[in-house]
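Chemist: fold the following, please.
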Amino acid sequence: MVVASLRIQILLPGCASLKQKRFVLASIKAKLRNRLNVSVCENGFQDKWQRSELAVASVATDRKGAEIVARQVLEFLEREPRIVLCDCEREYY
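Modeler: This is a model prediction of the structure:
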């Protein structure tokens, strides 16, 4: 069993309030959970309007499967027009 852990920093350039930011993030987190079966939470920059850090975790039977899911998460986020990816840290356990 392998756990993939991602810490992803993003910008939300279209957000003008915390309420709007939370609305966008809730939508993105729900899509990630439903489409890729991963756990997602916001764990950084919670008081900033246009910045956020997401923690994403997934469990797979082997490292290759964990890497595939991590890549799919990043590809999904890169296609999301409401955000800009800044940084990503990956770890496998």
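Chemist: A helix includes residue 16, no?
Modeler: No. Applying DSSP: H, G, I helix; E, B strand; the rest coil, one finds residue 16 to be coil, outside a helix.
Chemist: Three-state assignment for residue 73, please.
Modeler: Reduced to three states by three-state DSSP, residue 73 is helix.
Chemist: which ones are touching the residue lying closest to it once chain neighbours are set aside?
Modeler: Using C-beta to C-beta, 6 or more residues apart in numbering and skipping residues adjacent in sequence, the residue nearest residue 73 is residue 56, 5.4 Å away. To be clear about C-beta, it is placed using only N, CA and C from the backbone, and glycine gets the same treatment. Applying C-beta atoms under 8 Å, 6 or more residues apart in numbering to residue 56 gives the contacts 4, 5, 6, 8, 32, 38, 39, 40, 70, 73.
Chemist: residue 56 is in what secondary structure piece?
Modeler: strand 51-60 (DSSP states H and E).
Chemist: how far away from the center of its chain is that strand?
Modeler: Distance of strand 51-60 from the chain centroid (C-alpha atoms, centre = their mean, to the nearest Å) equals 5 Å.
Chemist: okay, now the sheet partners of it, with direction.
Modeler: Applying DSSP bridges, strand 51-60 is found paired with strand 2-11 (antiparallel), strand 39-44 (antiparallel).
Chemist: contacts for the first one, please.
Modeler: Around strand 2-11, the neighbours that count as contacts under C-beta under 8 Å, 6+ apart are 43-45, 50-63, 65-67, 69-70, 73-74, 77, 83-93.
Chemist: nearest to residue 19, of the strands paired with strand 51-60?
Modeler: Evaluated over these, closeness to residue 19 peaks at strand 39-44, with 14.0 Å, by C-beta to C-beta.
Chemist: buried sites along that closest one?
Modeler: Across strand 39-44, burial judged by 16 or more other C-beta atoms under 10 Å covers 40, 42.
Chemist: distance from that strand to the middle of the chain?
Modeler: Put simply, strand 39-44 sits 7 Å off its chain's centre (C-alpha atoms, centre = their mean).
Chemist: that strand - what's its average pLDDT?
Modeler: The average pLDDT within strand 39-44 is 95.
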